[in-house]
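Q: Here is my input; please provide its structure:
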Amino acid sequence: MGYDRDLAFEHINPAKIIFGENSVRDIGLEVDSLGCSKALIVTDQGIIEAGLAERVEQALGRRYIGTYDRCIQDSGFHLVNEGTAFALEKGADILVSVGGGSVIDTAKGMAMVMKEGGRMQDYSGANMLSRPQTPHIVVPTTAGTGSEVTRYAVIKDWDRNLKDFIVDPYIIPDRAILDPTMTAGLPPQLTAGTGMDAFAHAVESIHTLERQPIADAMALHAIRMIVEYLPRCVEDGSDLFARGQQLLAATIAGIACSSAFFGLNHAMAHCVGALYEVPHGIGNSILLPHVMRFNLEECADSYTQIAAAMGIDVRGIDKLEAGRAAADAVRELTLKIGLPQKLREVGVPEDGLAEAAEMSMSDGCIIYNPRMVMEAEEVLEVYRAAW
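A: Have a look, this model is predicted:
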């Protein structure tokens, strides 16, 4: 993969992972193992209506003290602060987030403010913490963000209309309970979109400036799994084996990107998400082939590995050609699972691309992109290609 003697890195992931069908039934034992007794569920209305939060409540038994259910897509600072006040009022000593990335990240923010005081706005940035935070168990209901094992939280500042990126190893949840039955009711397009978020995590882990061999190995395996199992999940949502494999792939990709970070793709997806409410996985899916072509000459070797992981025979093929084949294969995968192909299809106006490009230059992910991005005009060209 092109490493030399200058290679140096840290790989940290302290989360305990529990996997298996109906493993959520054991969540009470995990609360006990963390020395806690008052569990607050953090979730959203969709999870409530689907009956998934009730399953967790029943499994918690006497440990359950209440539910904060006001999380939304692109959850904001104000909701973290509101949820924190609710948790403190209830006397919670542990949070149990049940949902997708926005729910999990809301709970990560709450865990910080409950422990450190103040407001969510006080903790934007990287490595602001110096001690473990409020205990946090995650039960993901989507197989995409990997937030159940990452040191990242993305929380929107609705006043400034942008997404803030919080990075700190102390916000990695204590437990991740991966129960395929908790994802079985996910609609096909949401399954596809969140699945491609995981795929983007894997790709960016391999080409980022912070890439390293452990993350490479995990990301490449996640790619193999997603290519095989995500289409099966989209086609048949009741296929619990495929659901389980996709859930594992998302977590594996999350561990990889938690060490290797992201790049231009996530920076751009964050911005169209903040400005035009494009779901994060859909934004990543649409942009990824175009970002790969933009980066190709800087990381053709990495993309050759990705092509091979996607099942392309790269023997005897020039690396640039193999890299282009990888980008094409990503697009074919998104077509196969029925996702939109253009930003215009998801409500991004052409006259809004320049603002998104300018905003992308300030997103922290962009500095780890393998090809240095010097001007907003370069980002704008990628947006135009995806529009």
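
Q: Spell out the secondary structure type for the nearest residue to L247 once chain neighbours are set aside.
A: What sits nearest to L247 in space, not counting adjacent residues and going by Cβ to Cβ, 6 or more residues apart in numbering, is A143, at 4.3 Å. For every residue, glycine as well, the C-beta is placed using N, CA and C. Reduced to three states with DSSP: H, G, I helix; E, B strand; the rest coil, the structure at A143 is coil.

Q: surely A143 meets D197?
A: No. Look at A143 against D197 with Cβ atoms under 8 Å: they stay out of range, at 9.2 Å.

Q: and for those two, which residues touch both?
A: Here A143 and D197 share the contacting residues A250, scored by Cβ atoms under 8 Å, 6 or more residues apart in numbering.

Q: Give me the more crowded residue out of these two.
A: A143 (32 against 28; other Cβ atoms under 10 Å).

Q: mind checking pLDDT for the more buried one?
A: According to the prediction, A143 has pLDDT 94.

Q: Can we start the residue count at 94 from this point?
A: In the new count, where the first residue is 94, that last one comes out as A236.

Q: Look up phi and psi at V231.
A: phi -110, psi 130 (degrees, to the nearest 10).

Q: what's the closest non-adjacent residue to it?
A: Distances taken as Cβ to Cβ, 6+ apart put E241 closest to V231, at 3.9 Å, once the chain neighbours are dropped.

Q: in the chain, which strand has the most residues?
A: When the chain is parsed with DSSP state E, its longest strand is strand 157-164.

Q: CA atoms only for the helix or strand following that one, dumped as PDB, please.
A: Proceeding N to C from strand 157-164, the next assigned helix or strand is helix 170-183, under DSSP states H and E. Output of helix 170-183 as PDB, limited to C-alpha atoms (Å, rounded to 0.1, in the frame of the first residue of the first chain):
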ATOM      1  CA  PHE A 170     -26.600  21.700  19.900                       C
ATOM      2  CA  HIS A 171     -29.900  22.800  21.300                       C
ATOM      3  CA  LEU A 172     -31.200  19.200  21.400                       C
ATOM      4  CA  VAL A 173     -28.100  18.000  23.100                       C
ATOM      5  CA  ASN A 174     -28.500  20.700  25.800                       C
ATOM      6  CA  GLU A 175     -32.200  19.900  26.200                       C
ATOM      7  CA  GLY A 176     -31.500  16.100  26.400                       C
ATOM      8  CA  THR A 177     -28.700  16.700  29.000                       C
ATOM      9  CA  ALA A 178     -31.100  18.700  31.200                       C
ATOM     10  CA  PHE A 179     -33.700  15.900  31.000                       C
ATOM     11  CA  ALA A 180     -31.100  13.300  31.800                       C
ATOM     12  CA  LEU A 181     -29.800  15.200  34.800                       C
ATOM     13  CA  GLU A 182     -33.300  15.800  36.000                       C
ATOM     14  CA  LYS A 183     -34.000  12.000  35.900                       C
END
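
Q: No further queries at this time; thank you.
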